[in-house]
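[1] after the sequence you'll find the predicted model.
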Amino acid sequence: MQTFIISKVLLLVSFIMGVFLNAQITVSGSVNFKNKGVKDVSVTLKDTYDGTTTDANGNFSFETSEKGNHVLLFSNPKFAEVEKNIVIADENIKINADMKEQISEIDAVVISAGSIEASDRKRATTLLTPIDIYTTAGANGQVTSALETLPGVQKIGETEGLFVRGGTGDETKFFMDGNLVNNFFGNSIPGVKSMDRLNTSLFKGNVFSSGGYSAVYGQALSSVLVLESIDFPEKNSVDLGFSPIFVNAGFQNVNGEKTKSFGISAGYSNIGLMTKVIKFNNNFTKAPEGLGTNFNFRLKNKAGGILKYYGSFDTNRIGLQTESLEPDTDFDNTSLQGKNTFHNLAFKQKFGKYLLNLGSSYTYNSNFINLSNTFQNREINPNSIDIKSNYFNTKAVLERKINKISAIRGGLEYNQANENTDVAVTDAPYKFKDQITSIFAESDLGFSNNLSAKVGLRSEYSSAVHEWNLAPRFAMAYRLSKNWTSSLAYGIFYQNPENKFFGAAPLDYQKSEHYILQVQKSEEGRSLRLEVFYKNYTDLIKTKVLDYRPLAINNTGEGFAKGVEVFWRDKKSIPDIDYWVSYSYLDSKRNFQNYDQSLFPNFAAKHTLSVVAKKFVVSWKTGFNLSYTYASGRPYYNFVTDDGGNYHLATEGRLKDFSALNFSLNYLPNLGKKDAKSFMVLVLAINNILGQKNIYGYNFSTDGLRNRAVLPSVNTFIFVGAFINFGIDRTEDAINSNL
Amino acid sequence: MKKLFVTALLLIAVSTFAQTPFEKAMTEKMAKLDQSKTPEDFTALSNDFARIGDKEKTQWLPYYYAAHASIEKGRNLMRTGKVAELDAVAAEAQTNLDKAAELSEDNAEILILQKMIHGLKMMVDPQARFMSEGMLGADALAKAEKLDPENPRISLLKAEDTYYTPEQFGGSKTKGLELFQKSLDQFKTYTPKSPLYPNWGKGEAEYFLANKP
């Protein structure tokens, strides 16, 4: 009896199972993208649990007991969803689907021709982060010096400025939160290179463009450096820094919700003590001394808009005596008193699909230079130059997102410059005024994840030039394969002649055209960039000595620069060592300013090589940094003027090759002390550790018969300093920067 | 006898069928979490959970597990050095976790996964991302701890962080192991609210304790 029941039950079970089996319909097929099978696509019978995921060949198969009209959904984050209507009856279903590309910010190819992004926010391909700047030997913690280790930037020691791809230092402009920063470098006198005025720690990221930059920026023939300040500090903190050459102190306050913060800092620097310890090539009558203070506040409104203010005031003094090259004088004396105040206000807010950026900056700069000669212990030929300048800049940019990777932006910019130069021995002060109004529009067009373009147009009117210009810009990027991308950029760039050259004749805009082609390979921990460029200069100014000073007489100057650049950064191949190598080859000729013929510019080297290496030894809590720079000898020229003020090349030559090996060491004694109240970094830095005797050029006597080498202020410089931060435990920051 | 047998059969049937299709599907897929080995396995599993979530619409657990499967895929890729792919994986996980969070607010388990997503994103570029992702991850874990202080998975994540942090930076294997032990102790007393609730991590704590250096 029992067996009977069991057999019946079994029969029943098998019958039921059989019914179920019969009810199961197999849905199968393949999913393709551009005729190739796609794996990892989720195939779902909508509103049921049934479905599967495609295999490596794009094939799928699943069973369902559903019946009737249904929708089959194919989804994968990399593609747009595809839906297919199916009717499930008694027979198995075979169905194929073709995916369409989903455009996404993460996968979209980035245009990188001419620009090097150094930022903490975006992607892993970032080439130079703020921490890199601090840990680059020889950079002294300055953004611009660290950039000199990248391709395209010349190593120029005698004067400040970024000399990019055969351009002069004046051809690079600096921006903070979108606003123009005038007098980016401290005030100085010829032969003494001054430092960046803005502190590296103010910025969370920067974009350095060595050419082909966006239409949002203008008035730079070669390059722009766009710095973006940090939003809100992490915590309240007090910072102290001291060394034989400076002391500074500052604090930052931030509220708990990170909606309000303010900070103030002040510093004093004096090279005096060091001039007694180290042999300087300059004979300072007043060792460089500076006093500076700055303040900032940031406010966030309820809608997420951020208002940022940064303001600074600084004053500095320097005095120099050099042996005179002229027959009836013994020494030339130069001294300077500089004052500068800079204020920057920026506001950023999102309104739905729109992003609004408003900002303005104001600079007042005063340079008072005393000049005289000494002859037989008597001071003769006293003269002074008093330059006072006011600059105002304001800009509004409105951006609208179109889809995930496309956007349009447009805006207005207004710059005003007022300069007053009073030379004691001349009659009347020279006044210069200029107002530049600019309008610009730009569009980022993402055609697919593998192809994107940027088209921009900028137009400027300068009251000093009395004319509108029109500058189109174009760039595009194409992904060649998973790791390889290519991009190219073209653009026209205008820049007013330098203010000091105005006055003799009506002048036009100077113009350059950039052509850039780049291929880049980025993979885990390594990146390689190859870039070739051609830059065509036209309408450069030509100068002549009139009223004892060089003045531009026309815009007939011209020139070109072309070159090849290689950048290789590798954090992976050698364990615990992060290094990068950049090499630039440059060919350039110019006939401009006081050049009386077409010449290789004296501020450019044919070959530049830079190697930077860093290693952090965890158990010693110490970072070791090395950098080496080589530049082939630059040419030097001596132009003499005739009675008509025209220049003629009298002497020319080539400097010996430049090379310097720099070393720095960061010791973090409090590293890892979990509850340490302070965090300290001790720094030892030695620039030019091998003591290479580098020469930057020659100064000539008026008759051209005598000359003297232009030398660095100091051959080998040793810096020791301590930086202490109370309030923030940077341990984890340090760990993660060395993982 | 016959009656008894039929009743018994009926009871068995009822008890099997007492598990709703949802529970059945979930239990089946949850078992697969431990069996999955390759990134492809985890992708498929994440898709399966998301499918269940899309059908149910009110259950946070399917989306939770969908996110968890993606995170496991990320950790798998991380171990094989494919760090560059982590951004995309983290985005996948985030999409599902956001859906779970929408259905269940102030949920410690969801915050625990949130911390793990920030961890994945940080690994793409630790140096540049620590300040943002590290901080966000720590915030998420602190919030989770407030909501569910005895959750063993919170101790587990802390243990992992400490274990892999060099001694010079305040971490250590010893301190890490202490936390693994704490986590294991918590696992002994911690009971998930239902069989479908998250219950993973014990094996990992045991593994670390068993392989003491």
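    Happy to help now that I have it.
[2] shaky segments in the chain?
    The chain I'm using is chain A. Low-confidence segments of chain A (pLDDT under 70): A:1-23, A:106, A:116-128, A:672-676, A:728-739.
[3] wrong one, chain B
    B:1-18, B:127-128, B:131, B:168-169, B:213.
[4] in it, which spans are helices?
    B:2-18, B:21-35, B:39-56, B:60-79, B:86-103, B:108-124, B:126-129, B:135-147, B:152-164, B:173-189, B:202-210 (DSSP state H).
[5] same check on the stretch 51-200 of chain A?
    A:130-134, A:143-147 (DSSP state H, counting those that start in this stretch).
[6] for the residue in the stretch 51-200 of chain A that chain B sits nearest to, which non-adjacent residue is spatially closest?
    Using Cβ to the nearest Cβ, the closest approach of the stretch 51-200 of chain A to chain B is made by residue A:53 at 3.8 Å. C-betas here are computed from N, CA, C, even on glycine. Once flanking residues are discounted, residue A:53 sits nearest to residue B:44: 3.8 Å by Cβ to Cβ, 6 or more residues apart in numbering or on different chains.
[7] next, the contact list for the most centrally placed residue in chain B, please.
    In chain B, the residue lying closest to the centroid (Cα atoms, centre = their mean) is residue B:68, at 4.8 Å. Residue B:68 sits next to B:33, B:93, B:113, B:198, B:200 when contact means Cβ atoms under 8 Å, 6 or more residues apart in numbering or on different chains.
[8] what about the third one, distance to residue B:77?
    It refers to residue B:113. 17 Å (Cβ to Cβ, to the nearest Å).
[9] the two: who's more crowded?
    residue B:113 (26 against 20; other Cβ atoms under 10 Å in any protein chain shown).
[10] thought that one was touching residue B:64?
    Yes: contact criterion Cβ atoms under 8 Å: residue B:113 and residue B:64 qualify, at 6.9 Å.
[11] re the thing from before, beta partners of the residue of the stretch 51-200 of chain A closest to chain B?
    residue A:42 (DSSP bridges).
[12] which ones are touching it?
    By Cβ under 8 Å, 6+ apart, the neighbours of residue A:53 are A:40-43, A:60, B:40, B:43-44, B:47-48.
[13] ramachandran coordinates for residue A:687?
    Backbone torsions of residue A:687, given as degrees, to the nearest 10, read phi -90, psi 140.
[14] could you do residue A:422 as well?
    Backbone geometry at residue A:422, expressed as degrees, to the nearest 10, gives phi -120, psi 110.
[15] give me the distance between the residue nearest to it when sequence neighbours are not counted and residue A:217.
    For residue A:422, ignoring the flanking residues on the chain, the nearest one in space by Cβ to Cβ, 6+ apart is residue A:429 at 3.9 Å. The gap separating residue A:429 from residue A:217 is 32 Å, by Cβ to Cβ.
[16] looking at these two, which is more packed in?
    More crowded of residue A:429 and residue A:217, by other Cβ under 10 Å: residue A:217, with 24 against 13.
[17] distance between the ends of stretch A:268-280?
    21 Å (Cα to Cα, to the nearest Å).
[18] what residues does the stretch 301-450 of chain A have near chain B?
    Taking Cβ under 8 Å from any Cβ of the partner chain as the criterion, chain B has no neighbours within the stretch 301-450 of chain A.
[19] tally of neighbours for the residue in the stretch 451-600 of chain A that chain B sits nearest to?
    Residue nearest to chain B within the stretch 451-600 of chain A (Cβ to the nearest Cβ): residue A:524, separated by 5.4 Å. Using other Cβ under 10 Å, residue A:524 has 15 neighbouring residues.
[20] what sits against it?
    Counting by Cβ under 8 Å, 6+ apart, residue A:524 has contacts A:572, B:81-84.
[21] recalculate using a threshold of 10 Å.
    A:124, A:483, A:571-572, B:81-85, B:124 (Cβ atoms under 10 Å, 6 or more residues apart in numbering or on different chains).
[22] tell me the one of the residues you listed nearest residue A:79?
    Of all these, the one with the least separation from residue A:79 (Cβ to Cβ) is residue B:85, at 16.4 Å.
[23] ok, the closest one - contacts?
    A:524, B:39, B:73-74, B:77-78, B:120, B:124.
[24] tell me how far it lies from residue A:78.
    11 Å.
[25] out of everything not next to it in sequence, what's closest to residue A:299?
    residue A:307 (4.6 Å).
[26] please, where are all the strands along the stretch 401-550 of chain A?
    Using DSSP state E, counting those that start in this stretch, the strands of the stretch 401-550 of chain A run over A:407-423, A:430-448, A:451-462, A:467-479, A:484-495, A:510-523, A:526-546, A:549-570.
[27] format those as JSON lines; extra columns: distance to residue A:134.
    Shown next, in JSON lines, are the strands of the stretch 401-550 of chain A (distance: least, Cβ to Cβ, whole Å):
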{"stretch": "strand A:407-423", "distance to residue A:134": "32"}
{"stretch": "strand A:430-448", "distance to residue A:134": "32"}
{"stretch": "strand A:451-462", "distance to residue A:134": "32"}
{"stretch": "strand A:467-479", "distance to residue A:134": "31"}
{"stretch": "strand A:484-495", "distance to residue A:134": "29"}
{"stretch": "strand A:510-523", "distance to residue A:134": "24"}
{"stretch": "strand A:526-546", "distance to residue A:134": "21"}
{"stretch": "strand A:549-570", "distance to residue A:134": "17"}
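[28] now mean neighbour count too, for those strands, in a markdown table please.
    Formatted as a markdown table, the strands of the stretch 401-550 of chain A follow (neighbours: other Cβ atoms under 10 Å in any protein chain shown):
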| stretch | mean neighbour count |
| --- | --- |
| strand A:407-423 | 18 |
| strand A:430-448 | 17 |
| strand A:451-462 | 20 |
| strand A:467-479 | 18 |
| strand A:484-495 | 22 |
| strand A:510-523 | 20 |
| strand A:526-546 | 19 |
| strand A:549-570 | 19 |
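[29] pull the contacting residues for residue A:300.
    Here residue A:300 is in contact with A:231-232, A:255, A:257-261, A:306-308, A:349 (criterion: Cβ under 10 Å, 6+ apart).
[30] and these, which two are the farthest apart?
    Greatest spatial distance among the contacts of residue A:300 (Cβ to Cβ): A:255 and A:349, at 19.4 Å.
[31] more neighbours, these two?
    Between residue A:255 and residue A:349, residue A:349 has the larger neighbour count (other Cβ under 10 Å), namely 16 against 12.
[32] not counting its neighbours along the chain, what's nearest the more buried one?
    Spatial nearest neighbour of residue A:349, excluding adjacent residues (Cβ to Cβ, 6+ apart): residue A:305 at 3.1 Å.
[33] the one you found contacts residue A:231, doesn't it?
    No: applying Cβ atoms under 10 Å as the test, residue A:305 and residue A:231 come out as separate, 11.6 Å apart.
[34] what touches both of those two?
    Counting by Cβ under 10 Å, 6+ apart, the shared contacts of residue A:305 and residue A:231 are residue A:348.
[35] quick one, what contacts residue B:200?
    Residue B:200 touches B:30, B:33-34, B:65, B:68, B:72, B:109, B:152-153, B:156, B:192, counting by Cβ under 10 Å, 6+ apart.
[36] how close does it sit to chain A?
    Look at residue B:200 and chain A: by Cβ to the nearest Cβ, to the nearest Å, they are 21 Å apart.
[37] beta partners for the residue positioned nearest the centre of chain A?
    Centroid-nearest residue in chain A, with Cα atoms, centre = their mean: residue A:208, separated by 2.5 Å. Counting by DSSP bridges, residue A:208 is bridged to residue A:116, residue A:225.
[38] what of residue A:535?
    residue A:514, residue A:561.
[39] returning to that earlier point: any quick ChimeraX command for the buried ones out of the contacts of residue B:85?
    The ChimeraX selection below is limited to those of those classed as buried (16 or more other Cβ atoms under 10 Å in any protein chain shown):
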select /B:39,73,74,77,78,120,124
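[40] which two among the contacts of residue B:85 are spaced furthest apart?
    A:524 and B:73 (17.5 Å).
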